[in-house]
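> Okay, sequence plus prediction incoming.
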Amino acid sequence: MTSASGFAQDIIARQAPSDKRLKDIRNVKLNNTAVISADLNNPAANIYTDWTDNLRSCSGSVPANYKIDLRGFCMPTPSRKINSPFGPRWGRQHEGMDIKVYIGDTIRAAFDGKVRICKYNGGGYGYYIVIRHPNGLETLYGHLSKQIVKKDQIVRAGEPIGLGGNTGRSNGSHLHFETRMLGKPINPALMFDFVNQDVTGDYFVLNEGVSKGAVAAATRSTKRIKTENAQKETAMAAASNEKVPAPTTTNANQNSPAQQPQKQEEPISYSVKAGDTLYSIARKYGTTVDQLRKLNGLKNNAVLKRGQVIRCS
C-alpha cells in the first residue's frame with residue numbers, strides 16, 4: 001500500500017501546473033537566446049544600414065537623445081594608466097585614448113558584438129580591430145601585436161580579441177581605444193573610466209540626433225563646471241601657494257587612490273567628474289593647483305570638462 005501511495009503521488013506530481021510553468025520558462029530562455037543571436041548577426045540594425053570595411057563612412061541614423069546601454073561591459077584592459085587622452089594633439093585631433101599596455105597583454109572586447117574590420121594600417125593604427133555592438137557603438141582597438149579574431153566573427157564582452165603591441169604609427173607599446181557612432185568618434189572617457197576600471201553609468205545619452213552619417217559632438221553637458229567655479233578656484237589658490245594638505249583617512253581607505261595619494265613611479269591620471277575643480281583634485285592627490293596647471297598645460301581660467309583626463313603627478 002505504501003508503494004502504491006508513492007506511485008500515485010508521482011503521477012500527481014507529473015500533472016502539477018508547475019511542470020507546465022517550467023516548460024514555459026525553458027521556452028522563454030530558448031527564445032531569448034535566439035533573439036540575442038539574431039542581434040549579434042546584425043548588430044544595431046535599427047541604426048546602421050550598411051556593413052562594410054570602411055572605418056569612417058557609415059550610413060544610418062540615430063534619434064535625438066539616443067540612450068547607449070553600457071551594461072554588460074568589460075574593460076578592454078586592466079591597465080589604469082592613460083598615456084594620452086582624447087582631443088587635440090600635435091596639431092590634429094586624437095580620436096581616442098591611449099592606454100598603457102605591454103606587448104602581449106590581452107585585449108578584450110568591451111561589449112558583445114560582431115567584428116566589422118580586422119586590418120593592418122602601417123601608417124596609422126597598425127594591426128587594429130573594429131567591433132559593432134547592439135547598443136549602437138563601435139569600438140576600435142589599435143596598435144595590436146596580434147589579432148586573434150576575424151572579420152564577421154561574433155564575440156562576447158570580455159572575450160580576448162588581440163594582444164597589446166606597438167605596430168603602426170606608435171611610439172611605444174599601448175592600446176589606442178576609440179568609441180564611435182556612425183563612423184564618428186566620441187570621447188571614450190565619457191563612457192569608460194579606466195582609472196577606476198568602470199563605466200560612467202548604466203547609460204550614456206547622446207543629446208543631439210544623428211542622421212545622414214553625421215554625428216554631433218555629443219558630450220552630454222560638458223560645460224557643467226562654470227567659469228565662476230574656475231574663478232573661485234583661482235582666488236583660493238592665490239591665497240596660498242602652499243601644498244594643499246591631503247585629507248586624513250582611516251586604515252580601511254588607505255588603498256583608495258581617490259582619497260590618499262600613492263607614491264608611484266608612473267604618472268597618476270584622474271578622470272574629471274561633475275563638480276570637480278582643480279582645487280578639489282589637488283586636495284585628493286596632495287598636490288597644488290599650480291602644479292596641476294603645469295602638468296596639464298592649463299591656463300588660469302581653464303574650465304574642466306566631465307571625462308577630461310588630468311595628470312596628477
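Here it is on my side, so go on.
> can you pull the pLDDT of residue 239?
pLDDT, residue 239: 50.
> again with residue 5
56.
> and if you look at residue 39?
79.
> separation between it and residue 46?
10 Å (C-beta to C-beta, to the nearest Å). Backbone N, C-alpha and C define where each C-beta goes, glycine included.
> of the two, who's got more company?
For residue 39 and residue 46, the more surrounded residue by other C-beta atoms under 10 Å is residue 39, and the numbers stand at 18 against 14.
> measure the closest residue to the more buried one other than its chain neighbours to residue 46 for me?
Nearest residue to residue 39, sequence neighbours excluded (C-beta to C-beta, 6 or more residues apart in numbering): residue 134, at 4.7 Å. As judged by C-beta to C-beta, residue 134 and residue 46 stand 9 Å apart.
> How many residues are close by the closest residue to residue 202 other than its chain neighbours?
In space, and not counting its chain neighbours, residue 202 is closest to residue 71: 5.3 Å by C-beta to C-beta, 6+ apart. Number of residues near residue 71 (other C-beta under 10 Å) recorded here: 11.
> now do residue 130
Residue 130, neighbours per other C-beta under 10 Å, totals 22.
> I figured it hits residue 144, correct?
No - in this structure, residue 130 is not within contact of residue 144 by C-beta atoms under 8 Å, at 11.9 Å.
> Any idea what the residue nearest to residue 95 when sequence neighbours are not counted is bridged to?
Distances taken as C-beta to C-beta, 6+ apart put residue 185 closest to residue 95, at 4.0 Å, once the chain neighbours are dropped. Note on residue 185: beta-bridge partners by DSSP bridges are residue 180.
> quick one: residue 185 from residue 44, how far?
17 Å.
> Residue 108 too?
Distance, residue 108 to residue 44, using C-beta to C-beta: 20 Å.
> Now the phi/psi pair for residue 86, please.
phi -70, psi 140 (degrees, to the nearest 10).
> Per-residue pLDDT of it, please?
pLDDT, residue 86: 94.
> need the contact list for the nearest residue to it once chain neighbours are set aside.
Spatial nearest neighbour of residue 86, chain neighbours left out: residue 187 (4.2 Å); criterion: C-beta to C-beta, 6+ apart. Contact partners of residue 187, counting by C-beta atoms under 8 Å, 6 or more residues apart in numbering, are 86-87, 179, 219, 307.
> Residue 144 too?
Contacts for residue 144 (C-beta under 8 Å, 6+ apart) come out as 107, 126-129, 162-165, 167, 175.
> run the last query once more with 10 Å
Counting by C-beta atoms under 10 Å, 6 or more residues apart in numbering, residue 144 makes contact with 101, 103, 105, 107, 118, 120, 125-129, 161-168, 175-176.
> Residue 156 touches residue 115, doesn't it?
No - using C-beta atoms under 10 Å as the test, residue 156 is too far from residue 115 to be in contact (11.9 Å).
> Which one of the two is surrounded by more residues?
With neighbours defined as other C-beta under 10 Å, residue 156 and residue 115 compare such that residue 115 has more, 19 against 13.
> Test my guess that that one contacts residue 153.
Yes - Residue 115 is within contact range of residue 153, at 4.7 Å (criterion: C-beta under 10 Å).
> hmm, back to that, any residues in contact with both of residue 156 and residue 115?
residue 109.
> Assumed residue 294 was part of a helix.
Yes - under DSSP: H, G, I helix; E, B strand; the rest coil, residue 294 sits within a helix.
> And it, how close does it get to residue 312?
12 Å.
> Of the two, which one has the most company?
Per other C-beta under 10 Å, whichever of residue 294 and residue 312 has more neighbours is residue 312, with 20 against 11.
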